[in-house]
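# coords please:
(chains A and B, ligands or ions: 2)
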Amino acid sequence: MTTEESPAAEDIIICRDVHKWFGSFHALRGITTSVSAGEVVVVIGPSGSGKSTFIRTINRLEHHQRGQIIVDGFEMTDDVRNIDAIRREVGMVFQSFNLFPHLTVMRNITLAPTKVRHTPMADAEDAAMELLERVGIPEQADKYPGELSGGQQQRVAIARALAMQPKIMLFDEPTSALDPEMIKEVLEVMQELAASQMTIVAVTHELGFAREVSDRIVMFDEGQIVEDLPPDDFFNNPRHERVRHFLSQIL
Amino acid sequence: MASASQVAEPVLPPRSEVGVAGWARENLFGSWYSGILTVVSAAAVVLAIWFGLRWTLMSANWDVVGIIGGRFIIGGYNTDQACPGNDCFWRPQAALLMVTALLGMLWVVAAGGVVKRVAIAAAAAAALSAFLPYSMERMGLDVRLLLLANVPALAIGWALARYTPLGTGRWVAVYGVVVFLLTIILLRGSSDISFAAGPLRLHIPMPDLLRPVPTLYWGGLTLNLLLAVAGIAMSLPLGIALALGRRSHLPVVKILCVIFIEVFRGVPLITILFMSQHLVPLAFPENFPRNSLFSAGVMITLFSSAYMAENIRGGLQSLHPGQAEAARALGLAGWQTTLFISLPQAVRNVIPTIVGQFISLFKDTSLVYIIGMVDIVEIGRTFILGNPEYRVSTKEVFIFISIVFWAFTYGMSYVSRQLERTLGVGER
Ligand SMILES: Nc1ncnc2c1ncn2[C@@H]1O[C@H](COP(=O)(O)OP(=O)(O)OP(=O)(O)O)[C@@H](O)[C@H]1O
Ligand SMILES: [Mg+2]
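Ligands and ions are numbered 1, 2, ... in the order given. Okay, the predicted model is just below:
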């Protein structure tokens, strides 16, 4: 798909030479890449290579110190209006779910639409119910997060992010905190999302998902992108020795 | 093929682990040292109860409590100096009726049986005291009827909340504030209001029943409760504001909050109260009436809110950073994240500490005796000092006062435990 350097018009995320330091530690060292609308990009790489840092800069949970990030036409600057506009377009799912434990599943999902988009409560609840059906747990609406299994919590977290009707979904290792049988139920939801033309950037070590669902696999190492290929090429003839080494370690 | 009924056959635990004997064997006599501890402490408890009961029933002379009587509740409010004519007793009683009605409303609004039990207990205690075996000269029919009226007051409050649109948390909160202000106005009373501006002349006569009673004479348990309620209601929001200020990114706000908190936590409340009459008026215009009750209330509130701020800050710090991140990622603004996500969880996590703070604030209200206010403890002390023939009954007086304090603080911690349970702290 779109892997050429010059960003095409439909590129919804554009990163140009993005740098990020934590104190004196150089965590992102010149990331240049772009994601077009409807594309599914899987990010892999060894621990500490900057994968989380990278996707967190896309909705400014981390701010970059050099380079340019443009999301859906908004450039990521210190301008609060831009940040708010971008966060409304970008949904995020975390490894540790981060559901709000003091609110019911229903309220977890309706909070942002009613407070940020000012959707009337009744409409927000109807939409939430539809989303819960989509992720397969409508019967859990009135429970609290602590009463659900990990897989169910993560599906609520996906529904919560989708309730803001984002154009882009970011996933940071959404299945690494889950037991094997629950991983499947979350991956199925992600697969269905990908099929619905959602733009997805997902950090995951689920290579099956990467092989079947993604359009591109991007590998990070020491704060840089070392490989960026469609899944077939990535697994069968990677250009870099480091990719082969990494694959041999996790396969 | 194993039949389902066979599998479902219940298996009982070993006999030794059930029943009273099983429980005692496991928990009281689990080992030789826990056996010894059990025997020794059981002996101590039995002895304490024996001597306690013997003293309470045989040697103690509770007459003195009856003699002080209503003074414990309202102090010198209805005395000749405060209220010539001694017809001001109905005002604190009317305030109590409003509070009882408020409890009736809370019973409906607050889910769970806690408030219901507290409301019934309060109304019952008030109504039952109408039957105290005083002579009719000492405790007139009017006083007794007003006390009995707490039962219908509870019912009216309940019905208002149940059958009218006033039964929402918001309206009850408004009514609560109104009750507090009305209580102050009612207790204070007023002389005739005269108003003249040019040709406009206004003269509103006040009935004798509402003659002013200087706050100097407000006393007894009423004084403790007024200070405690005002302090509790104000120190929670103030503490929250200070805690948020201390975490602010604006250096000026942060430094001011830190200074405030550290100063008030670093000085004993007694010292602050001593200074209150001189410091608080500085913050108000020259002609603002000087009032030691008001000054004391302000200082107790500020003192308590400094501690409250640190409790809340502890709650905020215990939150997983992922909570705020998830809220921000959803597009909630910073203040929305604080209001809807961080604060509710932080406050919920520290309910026991907050209630502990409320309890100590309530007990600390007795310290106002050092600026000449006569709270319930001071009532007891001055009575003993002024009536040497009752010096032998000092113990009884202070044990009675302790029981009153204990009843209120126990009520507070009971409500807090039930609140924690309904909010499911530690489970979710
Ligand atoms: N808030 C922070 N302060 C300081 N250093 C940080 C911070 N967050 C991340 N780092 C460092 O930045 C580097 C990249 O971290 P990042 O979390 O992006 O790695 P990752 O690729 O997601 O790793 P993992 O697979 O373990 O999640 C790591 O060396 C990490 O220690
Ligand atoms: Mg990571």
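# which residues in the stretch 101-250 of chain A form helices?
Using DSSP state H, counting those that start in this stretch, the helices of the stretch 101-250 of chain A run over A:105-116, A:121-134, A:150-162, A:180-195, A:207-213, A:231-236, A:241-250.
# Please name every helix or strand in contact with the longest one.
With contacts defined as 3 or more Cβ pairs under 8 Å, 6 or more residues apart in numbering or on different chains; DSSP states H and E, helix A:180-195 has these neighbours: helix A:150-162, strand A:199-203, helix A:207-213. The C-beta positions use only the backbone N, C-alpha and C, and glycine is treated the same way.
# returning to what we had before: which one of the helices of the stretch 101-250 of chain A lies nearest to ligand 1?
helix A:241-250 (11.1 Å; Cβ to the nearest ligand atom).
# got the buried residues for that closest one?
By 16 or more other Cβ atoms under 10 Å in any protein chain shown, the buried positions in helix A:241-250 come out as A:Arg242, A:Val243, A:Phe246.
# Excluding covalently adjacent residues, which one is nearest to whichever residue of the stretch 51-200 of chain B sits closest to chain A?
Relative to chain A, the nearest point of the stretch 51-200 of chain B is B:Ala111 (14.7 Å; Cβ to the nearest Cβ). Using Cβ to Cβ, 6 or more residues apart in numbering or on different chains and skipping the chain neighbours, the partner closest in space to B:Ala111 is B:Thr422 (6.9 Å).
# go on, A:His63?
A:Thr57 (7.0 Å).
# That neighbour: how many residues sit nearby?
23 (other Cβ atoms under 10 Å in any protein chain shown).
# Quick check: phi and psi at the nearest residue to B:Ala60 once chain neighbours are set aside.
Spatial nearest neighbour of B:Ala60, excluding adjacent residues (Cβ to Cβ, 6+ apart): B:Glu396 at 5.5 Å. Main-chain dihedrals, B:Glu396, degrees, to the nearest 10: phi -60, psi -40.
# what residues are up against B:Glu396?
Shown in contact with B:Glu396 (Cβ atoms under 8 Å, 6 or more residues apart in numbering or on different chains): B:Ala60, B:Asn61, B:Trp62, B:Val64, B:Val65.
# circling back to that earlier point, output the buried residues of helix A:241-250 as TSV; include the columns distance to chain B.
Formatted as TSV, the buried residues of helix A:241-250 follow (distance: Cβ to the nearest Cβ, whole Å):
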residue	distance to chain B
A:Arg242	31
A:Val243	30
A:Phe246	27
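# out of these, who's near ligand 1?
With Cβ under 6 Å from any ligand atom as the criterion, the buried residues of helix A:241-250 include none near ligand 1.
# What confidence value was assigned to B:Arg15?
B:Arg15 carries a pLDDT value of 64.
# how about the closest residue to A:Phe220 other than its chain neighbours, phi and psi?
Take A:Phe220 and drop its neighbours on the chain: the residue closest to it by Cβ to Cβ, 6+ apart is A:Gly45, 3.4 Å away. Main-chain dihedrals, A:Gly45, degrees, to the nearest 10: phi 150, psi 160.
# ok so, going back, out of the buried residues of helix A:241-250, who's nearest B:Trp32?
A:Phe246 (61.2 Å; Cβ to Cβ).
# ranges for the strands of chain B?
For chain B, strands defined by DSSP state E occupy the ranges B:193-197, B:200-204, B:219, B:374-375.
# The stretch 251-400 of chain B: helices as residue ranges?
Using DSSP H, counting those that start in this stretch, helices in the stretch 251-400 of chain B cover B:251-266, B:269-279, B:292-317, B:321-329, B:334-336, B:343-349, B:351-364, B:376-386, B:394-423.
# and those, which one's lowest on average pLDDT?
helix B:269-279 (a mean of 85).
# in that helix, what counts as buried?
So helix B:269-279, judged by 16+ other Cβ under 10 Å, has buried residues B:Leu269, B:Ile272, B:Leu273, B:Ser276, B:Gln277.
# roughly how far apart are the last one and B:Trp50?
Between B:Gln277 and B:Trp50 the distance is 49 Å, computed by Cβ to Cβ, to the nearest Å.
# Work out the gap between the helix or strand hosting the residue nearest to A:His63 and the centre of the chain.
For A:Thr57, the enclosing helix or strand under DSSP states H and E is helix A:51-58. Its chain's C-alpha centre and that of helix A:51-58 lie 9 Å apart, by Cα atoms, centre = their mean, to the nearest Å.
# Please apply the same query to stretch A:126-133.
For stretch A:126-133, the distance to the chain centre is 21 Å (Cα atoms, centre = their mean).
# That one vs chain B: in contact?
No: contact of stretch A:126-133 with chain B (Cβ under 8 Å from any Cβ of the partner chain) is absent, the minimum separation being 13.2 Å.
# show me where pLDDT drops low in chain A?
A:1-9 (pLDDT under 70).
# change it to 90
A:1-10, A:73-86, A:88, A:177, A:180-181, A:236-251 (pLDDT under 90).
# Point out the residues in it that sit beside ligand 1.
So chain A meets ligand 1 at A:Phe22, A:Phe25, A:Ala27, A:Gly45, A:Ser47, A:Gly48, A:Ser49, A:Gly50, A:Lys51, A:Ser52, A:Thr53 (Cβ under 6 Å from any ligand atom).
# Comparing the helices of the stretch 101-250 of chain A, which comes out most buried?
Among those, helix A:150-162 has the highest mean neighbour count (mean count of other Cβ atoms under 10 Å in any protein chain shown), at a mean of 24.
# so what does that one touch, helix or strand wise?
strand A:90-93, helix A:105-116, helix A:121-134, strand A:168-172, helix A:180-195.
# possible to save the ones you listed as TSV with distance to B:Trp171?
Shown next, in TSV, are the helices and strands packed on helix A:150-162 (distance: least, Cβ to Cβ, whole Å):
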stretch	distance to B:Trp171
strand A:90-93	38
helix A:105-116	23
helix A:121-134	20
strand A:168-172	43
helix A:180-195	43
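# Tell me which of those approaches A:Gly208 most closely.
helix A:180-195 (8.0 Å).
# and the angle from the closest one to helix A:121-134?
Counting by axes from the mean of the first three to the mean of the last three Cα atoms, to 10 degrees, helix A:180-195 lies at 120 degrees to helix A:121-134.
# ok and helix A:180-195 relative to strand A:199-203, angle-wise?
150 degrees.
# Just the C-alphas of helix A:180-195, formatted as CSV.
These are the backbone C-alpha positions of helix A:180-195, laid out as CSV (Å, rounded to 0.1, in the frame of the first residue of the first chain):
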residue,chain,number,x,y,z
PRO,A,180,-4.9,-17.3,26.1
GLU,A,181,-8.7,-18.0,25.8
MET,A,182,-9.5,-14.3,26.3
ILE,A,183,-6.9,-13.2,23.8
LYS,A,184,-9.0,-14.7,21.1
GLU,A,185,-12.2,-12.9,22.0
VAL,A,186,-10.3,-9.5,21.9
LEU,A,187,-8.5,-10.3,18.7
GLU,A,188,-11.8,-11.2,17.0
VAL,A,189,-13.2,-7.8,17.9
MET,A,190,-10.1,-6.1,16.5
GLN,A,191,-10.4,-8.2,13.4
GLU,A,192,-14.0,-7.1,12.9
LEU,A,193,-12.9,-3.5,13.4
ALA,A,194,-10.2,-3.8,10.7
ALA,A,195,-12.7,-5.3,8.3
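# Determine how far that helix lies from the middle of the whole chain.
Per Cα atoms, centre = their mean, the centroid offset for helix A:180-195 relative to its chain is 14 Å.
# got it, and stretch A:31-38?
Taking mean C-alpha positions (Cα atoms, centre = their mean), stretch A:31-38 and its chain are 13 Å apart.
# CA atoms of that stretch as PDB?
Taking C-alpha atoms only, stretch A:31-38 is exported to PDB below (Å, rounded to 0.1, in the frame of the first residue of the first chain):
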ATOM      1  CA  ILE A  31      10.600   8.400  13.100                       C
ATOM      2  CA  THR A  32       9.300   9.100   9.600                       C
ATOM      3  CA  THR A  33       6.300   7.100   8.500                       C
ATOM      4  CA  SER A  34       2.700   7.600   7.500                       C
ATOM      5  CA  VAL A  35      -0.600   5.700   7.700                       C
ATOM      6  CA  SER A  36      -3.400   6.000   5.200                       C
ATOM      7  CA  ALA A  37      -7.100   5.900   6.000                       C
ATOM      8  CA  GLY A  38      -8.400   2.400   6.500                       C
END
